[in-house]
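*Asks:* Below: sequence and its predicted model.
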Amino acid sequence: MIYRETGQFKTNYASDQQLFPILQDRIFVIAFLVLAFAVVPLVASEYLLRAILVPFLILSLAAIGLNILVGYCGQVSLGTGGFMAIGAYAAYNLAVRIPDLNLLVVFLLAGACATVVGALFGIPSLRIKGFYLAVATLAAQFFIDWMFARIKWFTNDSSSGNVSAPPLDIFGYTFTSPAEKYLLVLVFVCVFALIARNLVRGAIGRSWMATRDMDIAAEVIGIRPLRAKLSAFAVSSFFVGVAGALWAFVYLGSWEPLAFDVNRSFQLLFMVIIGGLGSILGSFLGAAFIVILPLFLNQFPTWLGIPLSTAAISHIEFMVFGALIVFFLIVEPRGLARLWAIGKEKLRLWPFPH
Amino acid sequence: MGATTRNLTIAFFVLLVFGAVSPMLFTDAKFPQWLEVILGGVMSGVLYSLVALGLVLIFKASGVFNFAQGAMVLFAALTLVRLMEKMPFVVALVVTIVVMVALAWLVERLVLRPLVNQEGIVLFMATLGIAYFLDGLGQTLWGSDIYTLHVGMPKEPKILLEGTFEGGILVNMEDAIAAVLAGVMVAVLALFFQKTGTGRALRAVADDHQAAQSIGIPLNRIWVIVWSVSGLVALVAGVIWGSKLGVQFSLQLVALKALPVVILGGFTSIPGAIIGGLIIGLGEKVSEVYLGPLLGGGIENWFAYVLALVFLLFRPEGLFGERHIDRV
């Protein structure tokens, strides 16, 4: 009864096709955005902003990108970390070599670079499917790792391989405090989430989903596999590339190629699986889960009064991660987003059972 | 196989052979030295095949692409090396085998059974979960230091064919023994698959789960057997790699090299795993030694993957993989 839709008539096409057709959803989303934009920067502690919210938001953006590819188009990729690295290093090179360029443009161009590379490594997907493709994307990951570690031009001939991002200077304003950085990232993530949401419910998103569900059948009804698959790779890599640039510039500040190794790819894949394949909301939920879980596992033994070494905690973290993934796949293959939908359905019927 | 595909495959091999031979023709590399590189490549290729074998076994019998094979190699090697501190080698080996069989049983019970009839990709992700779990478990139980494993293999290299070439060629005896062991393993597995009742049942399950079940083959037991066998293969691979490099976390990364091997050879083919392993091992060594200096070194990390990727463009189902026919 809390979530009652009765009486909300859609009298024209626009109201039928809007992003959030139910009034309660709209109120909730607006309230949530107000909370995120106005209240959180004022209330949250510096630690919360810097160590939890900023990485959470950037990884959500990357997870949305990966979800477009894996969840909507059904092409499994293990090269996400590599595409993030492309975004990060492209942004670095643009910012260092063309210092006058606006950083916003730099981030978008970094995404564009990742798009080109992503589409290039997406070409095999036209011939190879499933597991073969998953392994083929690993080729992208390892090649990109090697490229940034060995080719000195990309790191501006830095002797240690470490590079540092220039200050975040946009329109003459420098973003320094955690709250400012948080707001910058939040704007990016909101805009891109909106774009992603609209893409997946439009014609292009439908062609991705048709390809995912059965590519031969999709081809028969007139969807071009070349266009569908490569556009999914391109869009996904763009998102991931921008996320990589943000991760490097806003969160890390200075970094080495190891920041984007194959474990990052797995981490993002887990976010997408745990959050829910084929759901934008799921990308956020999955990212939140993966970011918060290690912090929780770090604190949990201390609450119980069991002293554990950091090494033991990181090993236990591995175990819990692995077990949770299997658990989620068994109990709810569609992830946290599905649980959210079930919860909404229950609220709609409450207090009646059905 | 269409004529174009066949020609492309042949072209790929011609290129491959050319790539392997070209250092001798165009650089001033000496023949014995080149032979050493080739032999080194073949031997590490055999070891890749060994890890790849475990992958292929599971894929053939249950359609699961087991990403946890690398973690199983590490786990088996860690278990063995830590048990050997407390008991003699033979006892430790037996206990490790029991642990691997128990692991197979647990995987079947806790992961595969609840996920039966799910899509391949869901099962693949489940094995990713298993891989993480095993990594964590292995290191929590047995520690995360580097352990040296002594199983009595000779460490010092031997110089062979001294009479034929000046200076002879240097062969690592450890590698040679490993190669022989791997060969024996493959022969035993081939016999097991072709000649025993269980092997026939395994092949039946691989062909069609439902049909196999309907003629009374117990699917669950078959899965336990397959996972046990690939656990044992993982143990052998772990022992060989472990005594070569020391038992440590990076064994996992070595095991990742088995992935290009299986996609090159085809997921469903045991000979494919062997030949794929040889090609990858050879290509990797030759490229590292002769091409690496031109590109700045360290290309071993990705060369195998790119080689496999290029090959897949010509033959998407790998060398010996079953041709997949899509039906709507």
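*Replies:* Great, that's in hand.
*Asks:* okay, CA-based contacts and neighbour counts for the rest of this
*Replies:* OK.
*Asks:* Could you list the low-pLDDT ranges of chain A?
*Replies:* A:1 (pLDDT under 70).
*Asks:* Around chain B, pick out the residues from it.
*Replies:* A:124, A:127-128, A:130-132, A:135-136, A:138-139, A:142-143, A:146, A:150-151, A:214, A:216-217, A:312, A:314-326, A:329-330, A:333 (C-alpha under 8 Å from any C-alpha of the partner chain).
*Asks:* 7 Å instead, please
*Replies:* Taking C-alpha under 7 Å from any C-alpha of the partner chain as the criterion, chain A approaches chain B at residues A:124, A:127-128, A:132, A:135-136, A:139, A:142-143, A:150, A:216-217, A:312, A:315-316, A:318-323, A:325-326, A:329-330.
*Asks:* so how far is stretch B:55-73 from its chain's centroid?
*Replies:* 10 Å (C-alpha atoms, centre = their mean, to the nearest Å).
*Asks:* List buried residues within the residues of chain A next to chain B.
*Replies:* In terms of neighbour count (16 or more other C-alpha atoms under 10 Å in any protein chain shown), the buried residues within the residues of chain A next to chain B are A:124, A:128, A:132, A:135-136, A:139, A:142-143, A:150, A:216, A:312, A:315-316, A:318-323, A:325-326, A:329-330.
*Asks:* For A:Gly205, which non-adjacent residue is closest in space?
*Replies:* A:Leu199 (5.6 Å; C-alpha to C-alpha, 6 or more residues apart in numbering or on different chains).
*Asks:* Give me the three-state assignment for that neighbour.
*Replies:* Three-state call for A:Leu199 (DSSP: H, G, I helix; E, B strand; the rest coil): helix.
*Asks:* pretty sure A:Phe318 contacts B:Leu134?
*Replies:* No: using C-alpha atoms under 7 Å, A:Phe318 is not in contact with B:Leu134; the gap is 8.3 Å.
*Asks:* Counting by contacts, list what the helix or strand hosting B:Gly54 packs against.
*Replies:* According to DSSP states H and E, B:Gly54 maps onto helix B:31-62. Counting contacts by 3 or more C-alpha pairs under 7 Å, 6 or more residues apart in numbering or on different chains; DSSP states H and E, helix B:31-62 packs against strand B:169-171, helix B:173-195, helix B:197-207, helix B:219-245, helix B:258-265, helix B:270-286.
*Asks:* Just name the most buried of these.
*Replies:* helix B:258-265 (a mean of 31; mean count of other C-alpha atoms under 10 Å in any protein chain shown).
*Asks:* What average pLDDT does that one get?
*Replies:* The average of the pLDDT scores along helix B:258-265 is 84.
*Asks:* next one: that helix to chain centre, how far?
*Replies:* For helix B:258-265, the distance to the chain centre is 8 Å (C-alpha atoms, centre = their mean).
*Asks:* Around chain A, pick out the residues from the stretch 201-328 of chain B.
*Replies:* So far as C-alpha under 7 Å from any C-alpha goes, the stretch 201-328 of chain B lies against chain A at B:Leu259, B:Pro260, B:Ile263, B:Gly296, B:Asn301, B:Trp302, B:Tyr305, B:Val306, B:Leu309, B:Leu313, B:Pro316, B:Val328.
*Asks:* Out of the residues you listed, which comes closest to B:Glu174?
*Replies:* B:Asn301 (23.0 Å; C-alpha to C-alpha).
*Asks:* thought the closest one was touching A:Phe142?
*Replies:* Yes: counting by C-alpha under 7 Å, B:Asn301 does reach A:Phe142; the two are 6.5 Å apart.
*Asks:* Count the neighbours of B:Glu317 for me.
*Replies:* By other C-alpha atoms under 10 Å in any protein chain shown, the residues close to B:Glu317 number 23.
*Asks:* That one should be in a strand, yeah?
*Replies:* No: with three-state DSSP as the criterion, B:Glu317 is coil rather than part of a strand.
*Asks:* where does the stretch 1-150 of chain B dip in pLDDT?
*Replies:* Using pLDDT under 70, the stretch 1-150 of chain B drops low at B:1-9, B:11-13, B:15-16, B:18-32.
*Asks:* let's see 90
*Replies:* B:1-74, B:77-93, B:107-129, B:131-132, B:135-150 (pLDDT under 90).
*Asks:* Near chain A, which residues of it are found?
*Replies:* B:111, B:114-115, B:122, B:126, B:129-130, B:132-137, B:139-140.
*Asks:* how about a cut-off of 6 Å?
*Replies:* B:Ala126, B:Gly129, B:Ile130, B:Tyr132, B:Phe133, B:Gly136, B:Thr140 (C-alpha under 6 Å from any C-alpha of the partner chain).
*Asks:* Quick one: the residues you listed as JSON lines, columns for neighbour count and distance to B:Leu189 too.
*Replies:* Converted to JSON lines, these look like this (neighbours: other C-alpha atoms under 10 Å in any protein chain shown; distance: C-alpha to C-alpha, whole Å):
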{"residue": "B:Ala126", "neighbour count": "29", "distance to B:Leu189": "26"}
{"residue": "B:Gly129", "neighbour count": "27", "distance to B:Leu189": "28"}
{"residue": "B:Ile130", "neighbour count": "27", "distance to B:Leu189": "25"}
{"residue": "B:Tyr132", "neighbour count": "24", "distance to B:Leu189": "28"}
{"residue": "B:Phe133", "neighbour count": "25", "distance to B:Leu189": "28"}
{"residue": "B:Gly136", "neighbour count": "27", "distance to B:Leu189": "30"}
{"residue": "B:Thr140", "neighbour count": "18", "distance to B:Leu189": "33"}
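*Asks:* Take those and keep only those in helices.
*Replies:* Under the assignment DSSP state H, the residues of the stretch 1-150 of chain B next to chain A contribute B:Ala126, B:Gly129, B:Ile130, B:Tyr132, B:Phe133, B:Gly136, B:Thr140 to helices.
*Asks:* Over to whatever residue of the stretch 151-300 of chain A ends up closest to chain B. Which of the three states is it?
*Replies:* Nearest residue of the stretch 151-300 of chain A to chain B, counting by C-alpha to the nearest C-alpha: A:Ala217, 5.8 Å away. Look at A:Ala217: counting by three-state DSSP, its state is helix.
*Asks:* Likewise for the one 5 residues further on?
*Replies:* Under three-state DSSP, A:Gly222 falls in the coil class.
*Asks:* And it, how far from B:Leu103?
*Replies:* 48 Å (C-alpha to C-alpha, to the nearest Å).
*Asks:* Those two - which one has more neighbours?
*Replies:* Applying other C-alpha under 10 Å to A:Gly222 and B:Leu103 shows that B:Leu103 carries more neighbours, namely 18 against 9.
*Asks:* Tell me which stretches of the stretch 201-350 of chain A form strands.
*Replies:* Under the criterion DSSP state E, counting those that start in this stretch, the stretch 201-350 of chain A contains strands at A:254-255.
*Asks:* could you pull out the helices for it?
*Replies:* Applying DSSP state H, counting those that start in this stretch to the stretch 201-350 of chain A gives helices spanning A:203-213, A:215-220, A:225-246, A:262-275, A:280-304, A:310-331, A:335-349.
*Asks:* Taking helix A:262-275 as reference, get the angle to the longest one.
*Replies:* Spelled out, it's helix A:280-304. If you take axes from the mean of the first three to the mean of the last three C-alpha atoms, to 10 degrees, helix A:280-304 sits at 100 degrees to helix A:262-275.
*Asks:* try the last one
*Replies:* If you take the same axes, to 10 degrees, helix A:335-349 sits at 20 degrees to helix A:262-275.
*Asks:* what helices or strands is helix A:335-349 leaning on?
*Replies:* helix A:262-275 (3 or more C-alpha pairs under 6 Å, 6 or more residues apart in numbering or on different chains; DSSP states H and E).
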